[in-house]
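**Q** Test case, fold it:
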Amino acid sequence: MAELSNLRDVKVMVIDDSNTIRRSAEIFLVQVGCLVVLADDGFDALAKIADHQPQIIFCDIMMPRLDGYQTCSLIKKNTRFKSTPVIMLSSKDGLFDRARGRMVGSDQYLTKPFTKDSLLQAVATYTSPTAAGLS
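**A** This is a model prediction of the structure:
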């Protein structure tokens with residue numbers, strides 16, 4: 001995975017109510033040089049997103065107060081962040097869950113527990129120069 005060397009300084013937000021998932025993602029991302037912003041729910045994420053302006057967002061579906069679908073929808077409705085890739089995280093791998101994620105604007109769906117490779121590959125896919133239209 002040569003493209004993973006280009007992940008240095010990519011700003012990634014991880015939204016999940018599970019401290020274990022947040023910490024795992026943070027460890028994987030920091031190891032390759034990403035800058036990581038953590039949020040423990042949708043409200044926390046929405047409060048931080050404008051200040052940190054992440055290049056890619058991982059968002060858990062099942063969270064208290066504001067679930068992942070609502071969070072993704074609010075992010076995508078904001079003109080400033082509508083093109084920011086949002087990748088849904090869920091322990092459920094059903095067709096309905098994937099379809100609902102697409103309906104609110106998510107760009108991809110990762111099943112938990114994710115692997116280091118699947119997480120980093122998603123970041124590489126959405127932050128490469130070709131993904132940004134810079135090639």
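
**Q** what's S90 in contact with, if anything?
**A** With contact taken as Cβ atoms under 8 Å, 6 or more residues apart in numbering, S90 is in contact with D60, I61, M62, G68, D97, Y109, L110, T111, K112. To be clear about C-beta, it is placed using only N, CA and C from the backbone, and glycine gets the same treatment.

**Q** Please, which helix or strand holds the closest residue to P54 other than its chain neighbours?
**A** Leaving aside its sequence neighbours, P54 sits nearest to M13 (Cβ to Cβ, 6 or more residues apart in numbering; 3.8 Å). Assessed by DSSP states H and E, M13 sits inside strand 11-15.

**Q** do the same with K48
**A** Assigned by DSSP H and E, K48 belongs to helix 42-52.

**Q** Now do the SS call for the residue positioned nearest the centre of the chain.
**A** Computing the C-alpha centroid of the chain and ranking residues by Cα atoms, centre = their mean puts F58 first, at 1.6 Å. Counting by DSSP: H, G, I helix; E, B strand; the rest coil, the backbone at F58 sits in strand.

**Q** could you measure R98 against Q108, distance?
**A** R98 sits 10 Å away from Q108, going by Cβ to Cβ, to the nearest Å.

**Q** Not counting the helix or strand of the chain with the lowest mean pLDDT itself, show me its contacts.
**A** When each helix and strand of the chain is scored by mean pLDDT, DSSP states H and E, helix 95-103 comes last, with a mean of 89. For helix 95-103, contacts defined as Cβ under 8 Å, 6+ apart pick out I61, G68, Y69, C72, M88, S90, Y109.

**Q** Report the inter-axis angle for that helix versus strand 56-60.
**A** 140 degrees (axes from the mean of the first three to the mean of the last three Cα atoms, to 10 degrees).

**Q** mind listing what's buried in helix 95-103?
**A** Buried residues in helix 95-103, counted by 16 or more other Cβ atoms under 10 Å: D97, R98, R100, G101.

**Q** That's all I had, so thanks and see you.
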